[in-house]
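**Q** Attaching a predicted model along with its sequence, questions to come.
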Amino acid sequence: GEDVEQSLFLSVREGDSSVINCTYTDSSSTYLYWYKQEPGAGLQLLTYIFSNMDMKQDQRLTVLLNKKDKHLSLRIADTQTGDSAIYFCAERKGYGGSQGNLIFGKGTKLSVKP
Amino acid sequence: DAGVTQSPTHLIKTRGQQVTLRCSPKSGHDTVSWYQQALGQGPQFIFQYYEEEERQRGNFPDRFSGHQFPNYSSELNVNALLLGDSALYLCASSRQEDSGANVLTFGAGSRLTVL
């Protein structure tokens, strides 16, 4: 099966919180990432978390990691229409610069309605 | 800082042809990775170059090859194009000496259509 799985779609109202979920299968993953992709654009790094952490907060973004269940989530507070995009979860195995191979999920398309 | 730049942004080829895509890494970065993103899918790792050598390779056939130049820029070559090679090709750069998160910076991609 897929290494990284995400639900494909999420729709929220402007001002609400969005929660995007991701599951991964490899317990040896060292870092987990969230990337954002807007139409016609490349990937923009939003945040990342080291596997020995449970939570990381960065302004409107909160990442929660449940290593036991291999579950990662991204919460976006006060979601705005500009947050509409595809969000990718990615895992990385190993350490150091030579381990540049990220494994991505298929992405969750977030639609924010005014 | 120009970030990662890729060229061309769009191109159309026919089956059997060959294509070369180019990437200039972010200033200060010495490692380049290439990813293929098919429509509706997440990016898939093709290979990574450092010190002008291929260091890691994903599950892609030998038709996919690359090169890195002394100025750290890189090319991705695909021979004998198939319809299934139609995708967005993303280049990402990083610094080899960075341990830890080794954050990748992505370019906007080159969209290849094979007819």
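**A** Great, that's in hand. Computed from a predicted model, the values in this text were never measured in an experiment.

**Q** okay, CA-based contacts and neighbour counts for the rest of this
**A** Fine.

**Q** Quickly note the distance from the residue nearest the centre of chain B to chain A.
**A** Closest to where the C-alpha atoms of chain B average out (Cα atoms, centre = their mean) is residue B:34, at 2.9 Å. The gap separating residue B:34 from chain A is 10 Å, by Cα to the nearest Cα, to the nearest Å.

**Q** Can you name the residues that contact residue 31?
**A** Using chain A. By Cα atoms under 8 Å, 6 or more residues apart in numbering or on different chains, the residues touching residue A:31 are A:48, A:49, A:50, A:51, A:91, A:92, A:93, B:101.

**Q** wait, chain B
**A** By Cα under 8 Å, 6+ apart, the neighbours of residue B:31 are B:25, B:48, B:49, B:50, B:51, B:72, B:93, B:94, B:95, B:96.

**Q** Can I have the buried ones of those as a ChimeraX selection?
**A** The buried residues among the contacts of residue B:31 can be selected in ChimeraX (16 or more other Cα atoms under 10 Å in any protein chain shown) with this line:
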select /B:25,48,49,50,72,93,94,95,96
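
**Q** In helices, which of the contacts of residue B:31 fall?
**A** Judged by DSSP state H, helices contain none of those.

**Q** now the strands for chain B?
**A** Listed in chain order, the strands of chain B (DSSP state E) span residues B:5-7, B:10-13, B:19-24, B:31-37, B:44-50, B:53-57, B:64-68, B:74-78, B:87-94, B:105-106, B:110-114.
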